[in-house]
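**Student:** 3D model of this:
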Amino acid sequence: MTVLGGATAPGSLDLDFEGLRSAKGLIQICLTANPKGFPDCKADSSAITRTLKAGQRSTRFDALAAGDYAVSVIHDENANARLDTFAGIPREGFGFSRNPVITFGPPGFNSARFAVGTAPVKQTVRFRYFL
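**Tutor:** Down below sits the predicted model:
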């Protein structure tokens with residue numbers, strides 16, 4: 001689809017969540033197109049962050065420019081705006097687009113990367129809990 005001036009129509013992302021262990025707290029979302037901004041969005045001033053109530057099982061991002069993106073999510077059960085850990089092990093749930101295998105530390109951008117074009121895109125993120 002082309003809009004006035006020959007520009008490409010923006011894309012959208014429907015993001016669904018699976019495996020939340022409770023509706024307590026918040027879901028913190030980071031959507032970035034910058035590999036250096038993944039997974040926490042701190043190094044990407046153009047990243048999109050969103051906070052939802054944990055009972056919400058989906059959200060939609062509209063007007064996304066075409067390109068490659070990655071998503072990280074945290075189930076912030078105590079609503080303190082960070083992923084709590086114990087001895088380096090996450091105490092709260094987390095997940096990533098494309099649900100890559102987790103070994104030591106978060107996956108890289110390329111493991112969670114997906115393309116956005118003019119057609120709607122859907123990603124389902126499975127939350128993981130270690131403790």
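
**Student:** dump the residue contacts of the closest residue to residue 52 other than its chain neighbours.
**Tutor:** Spatial nearest neighbour of residue 52, excluding adjacent residues (C-beta to C-beta, 6 or more residues apart in numbering): residue 27 at 4.5 Å. In this view, the C-beta of every residue, glycine as well, is placed from N, C-alpha and C. Counting by C-beta atoms under 8 Å, 6 or more residues apart in numbering, residue 27 makes contact with 17, 20, 51-54, 56, 73-76.

**Student:** Output the below-cut-off pLDDT ranges for this structure.
**Tutor:** Low-confidence segments of the chain, defined by pLDDT under 70, span residues 1-8.

**Student:** hang on, the earlier thing: distance check, the residue nearest to residue 52 against residue 94.
**Tutor:** Relative to residue 94, residue 27 is positioned 10 Å away (C-beta to C-beta, to the nearest Å).
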